[in-house]
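S.K.: take a look and give me a structure for this.
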Amino acid sequence: MDGEENCDINGSLEELSHAVAVAQHHDAVTGTEKQYVAEDYHYHLDKSSQNFLHCAFEKSVKGVGRYNCPLRNISQCSATEGEQLFYVSVYNPLPRMSSSVTKFPITTNDANISIMVR
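M.R.: You can find the predicted model right below:
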């Protein structure tokens, strides 16, 4: 998916819905599936969620580059570590306000952080 013209938000949402439904199979929930099946569940969830997030981002923010940090849980994110200026978008999928800590690695000691809530 290189751009908005290739982005089918409805198709990517359908793909994500299907992957989530499959991952809710009783073997997936209880952890009794074989390892290769668990890896397949993970692969399809990751691929479909990345496609949907890409599509949603392309539809909502025009002209801004996007990068996802899938290794952020081990403090790696090349988009934040190698840039002087970057923006972070955090999405709350819940129908209510919530609070959480968002962490991302930076390599400068001179950071300026602004927060905008929509």
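S.K.: can you name the next helix or strand after the helix or strand hosting residue 11?
M.R.: Residue 11 is part of helix 9-23 when elements are defined by DSSP states H and E. Moving toward the C-terminus from helix 9-23, the first helix or strand encountered (DSSP H and E) is helix 26-30.
S.K.: quick revisit: now do the buried residues in the helix holding residue 11.
M.R.: 9, 12, 15, 16, 19 (16 or more other C-beta atoms under 10 Å). Every residue, glycine included, has its C-beta placed from N, CA and C.
S.K.: surely the third one touches residue 54?
M.R.: No - applying C-beta atoms under 8 Å, one finds residue 15 not in contact with residue 54, separated by 11.8 Å.
S.K.: of the buried residues of helix 9-23, which is the nearest to residue 105?
M.R.: Proximity of the buried residues of helix 9-23 to residue 105 (C-beta to C-beta) peaks at residue 16, which lies at 27.4 Å.
S.K.: next, the contact list for the closest one, please.
M.R.: The contact partners of residue 16, taken as C-beta atoms under 8 Å, 6 or more residues apart in numbering, are 48, 49, 51, 52.
S.K.: now these in JSON lines, with neighbour count?
M.R.: As requested, the contacts of residue 16 are exported to JSON lines (neighbours: other C-beta atoms under 10 Å):
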{"residue": "48", "neighbour count": "20"}
{"residue": "49", "neighbour count": "16"}
{"residue": "51", "neighbour count": "20"}
{"residue": "52", "neighbour count": "20"}
